[in-house]
Structures are given as structure tokens and as C-alpha cells.
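**Student:** Turn this into a structure:
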Amino acid sequence: MAQFTRIRPPSVSLLEILNMSVDALWSNRLRTSLTMLGVIIGIASVITVTSVGQGVQQATQQQIQALGTNVLLVTAGVARSGGISQGGGTASTLTWQEAQAIAKQVPAAKGVTAFLQRGVQAVYEGQNTSTTLIGTDLNYPDVKNIHPQEGQFFNQDNLNSASPVAVLGSSVRDELFGPGGQAIGANIRVQSERYTVIGVMESKGSVGGQDQDDRIYVPLTNMSARIVGNNAINGIAISGFWLQASDEAQLDAAQFQVTNLLRILHNIYPPQPDDFLIDQPGGHYQCLQQHRGVIHGHGECDRGYFPDCGRNWHRQYHARFGG
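**Tutor:** Here you go, the predicted structure:
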């Protein structure tokens, strides 16, 4: 039987392959340039979209974390005028005394701070600004983790005597006194009432589209008596209160305890609806964490892609208020 000898093709060196590749590319310079341009644009687009997604995610997480991930926001019910809802906290269904009772009787509560909130006009000499006036108690700085950077917060004597003293947010200070201006000791007018400035709060930036520094803080007793003048039958009416739990794991227990206690205090029995609203800002943060991959790529949560996440966050904190 005849034997056939396999003929091996001549070997081509790596250098020769490279030379042929370069010759081919050089012979088709326009096609090569367009291909390279397409690859460069594609990679740059992916990097840009990824970077934007990361920025959206970090900014939204910082906004929610600024409110605290171990706090509850409890607001009064919704008042209606001509069939139109006035927003959460507008009905007089919560009192300061109830907030104090919750602080004592809810085991999961580390701290509770009540607040009244209204939009007002503040004036100093020739300057004026529209801002938010918050009447609150001594627990506010610790529960909300915001403290004076200049001067001091009001004290127990100011609260007991309903003193006309005010602590400005940094944005209000800048509007009335100029950036970094000296505000301590000055007298401003809020709704025709005169207040002495005793402090300026540290800057917290914007949360949910709301400038946390565009605020003026006064004693709750003063605001109730001199600005609002609308108390409940059984105490000082409030817009709501913040409850700080001992840790994030206690939030559900705290919400359950607060809900049951308020229902008892308000004589609410099934199937009657609650006349108060409870929200967990930390729940929105957890939602963002769960949908991190989607936010990372496109930021859908911020645009309302997840109904229980970004859309709820913006809807609730614009329609209600941060306190």
C-alpha cells in the first residue's frame, strides 16, 4: 500500500502576521478610523452612564441618610378645604402631650421631638425671605442630628416662658445678613413678631428637594401662642413628631407601638381609619439598596421606576414636610 506524506504548510511567524495586519489596516485607513472611533465612543458612553448612575445613587442615599435611617416621622391627619386636601400635618389630631407620652411609654423610642411647621416671611432691616418656621422642643438637635455651628439652641427656660428667640438655618442667615454674616444678637421679624437670634445651625444641604438650611427654629410654646394660635382641646396642637429608635432594627417595633398607643389615645377602633400618618425614611434607603443595580445603571428609582421607592420618597417629602 502506498504511503502518503503529509505536506506541512510553510510556517508564518508572528512578526509576519503583524506586518500583514498593519498593511491591511493601512490599506483601509478610512474604515479603520471609523471602526476605532466607534469603539472609543462606545466605551466612553458606557463609562459616562456608569459614572452618572453612581452619582445619582450616592446623592440619593446621602439625602435619605441625612434624615436618619433609625427614625420615624409621625404627622397629624389631613385637613380638607372645599374637598381639597391640604397635606399631611394640617389637621389638629396630634398634641405635644401625646408626643411626650409616647416618649415615656414606647420602649423602642430613644428620643422624641415634636414640631409645628408653617411657611412665613422673615425680615431684617431691608432684607426679607420666604422660609419655613419650625416650633420645636429641646430634643430636636439630638433626634434630627443637627446642632448650632454658632451661638446656641434655645433652653428649657426659653421653652417654659415662650421666649421670642430664634435659631437660623444657614441659608436664612445668608439671605438676611449676607453670606457668613453676623446674625447673633440681631432682631428679626417673623409674621410681624420680633425675635432675637441666638444661634445659627450647621449646614445640612438639600434633602428630597427641600433645603434643610432654609429654616428658622423657635420654641414650640412661642410658635403655638404667637404664630399659630390654634391649639387642640387637650393640649398644644402639633404638626407631628420625629421618633428616634435605639437602632434601625427597632423601627418596626416602634411603629407598631406608636400606632397602637395613638389609636388608644384617639379612641380609634377597626374599621375606622387612623387620623395620623407614619413613615420610615430608612425604608426608602433600604429600597434604594435593594435596587442598587438599576439605580447604578440608570437611576430609575429617582424617576419613579419603583413605586415604593423613589417616587414615594419625593411624593411624601414634598407633600408632607421634613420637620
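
**Student:** Confirm that Ser45 sits in a helix.
**Tutor:** Yes - under DSSP: H, G, I helix; E, B strand; the rest coil, Ser45 sits within a helix.

**Student:** What count of nearby residues applies to it?
**Tutor:** 10 (other Cβ atoms under 10 Å). All C-beta atoms are positioned from the backbone trio N, CA, C, and that covers glycine.

**Student:** and it, what pLDDT?
**Tutor:** For Ser45, the pLDDT comes out at 90.

**Student:** so who does it touch?
**Tutor:** By Cβ atoms under 8 Å, 6 or more residues apart in numbering, no residues touch Ser45.

**Student:** Repeat that for Ala108.
**Tutor:** Contacts of Ala108 by Cβ under 8 Å, 6+ apart are Ala245, Ser246, Gln250, Leu251, Ala253, Ala254, Gln257.

**Student:** Where does the prediction get shaky in the chain?
**Tutor:** Within the chain, the stretches with pLDDT under 70 are 1-10, 12, 57, 59-68, 78-91, 208, 230-233, 282-323.

**Student:** Contacts for stretch 220-232, please.
**Tutor:** 92, 95-96, 114-116, 118, 120, 133-137, 158-165, 190-191, 193, 218, 236-238.

**Student:** Show me where the protein has its strands.
**Tutor:** 71-76, 78-81, 84-88, 109-124, 127-136, 148-151, 165-168, 187-190, 193-201, 206-207, 210-211, 215-219, 240-245, 276-279 (DSSP state E).

**Student:** Include distance to Ala44 when you put these into JSON lines, please.
**Tutor:** Below are the strands of the chain laid out as JSON lines (distance: least, Cβ to Cβ, whole Å):
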{"stretch": "strand 71-76", "distance to Ala44": "42"}
{"stretch": "strand 78-81", "distance to Ala44": "49"}
{"stretch": "strand 84-88", "distance to Ala44": "45"}
{"stretch": "strand 109-124", "distance to Ala44": "46"}
{"stretch": "strand 127-136", "distance to Ala44": "43"}
{"stretch": "strand 148-151", "distance to Ala44": "42"}
{"stretch": "strand 165-168", "distance to Ala44": "45"}
{"stretch": "strand 187-190", "distance to Ala44": "51"}
{"stretch": "strand 193-201", "distance to Ala44": "42"}
{"stretch": "strand 206-207", "distance to Ala44": "30"}
{"stretch": "strand 210-211", "distance to Ala44": "35"}
{"stretch": "strand 215-219", "distance to Ala44": "42"}
{"stretch": "strand 240-245", "distance to Ala44": "45"}
{"stretch": "strand 276-279", "distance to Ala44": "41"}
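
**Student:** Just say which of the ones you listed is most tucked in.
**Tutor:** strand 165-168 (a mean of 27; mean count of other Cβ atoms under 10 Å).

**Student:** okay, it in CSV with CA atoms only?
**Tutor:** What follows is strand 165-168, C-alpha atoms only, in CSV (Å, rounded to 0.1, in the frame of the first residue of the first chain):
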residue,chain,number,x,y,z
VAL,A,165,-35.7,83.7,70.4
ALA,A,166,-34.8,82.1,67.1
VAL,A,167,-32.1,79.9,65.7
LEU,A,168,-31.5,80.4,62.0
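
**Student:** measure the residue lying closest to Ser161 once chain neighbours are set aside to Gly199 for me?
**Tutor:** Nearest non-adjacent residue to Ser161, counting by Cβ to Cβ, 6 or more residues apart in numbering: Thr221, 7.9 Å away. Noted for Thr221: a distance of 18 Å to Gly199, by Cβ to Cβ, to the nearest Å.

**Student:** Fine by me, we can end here.
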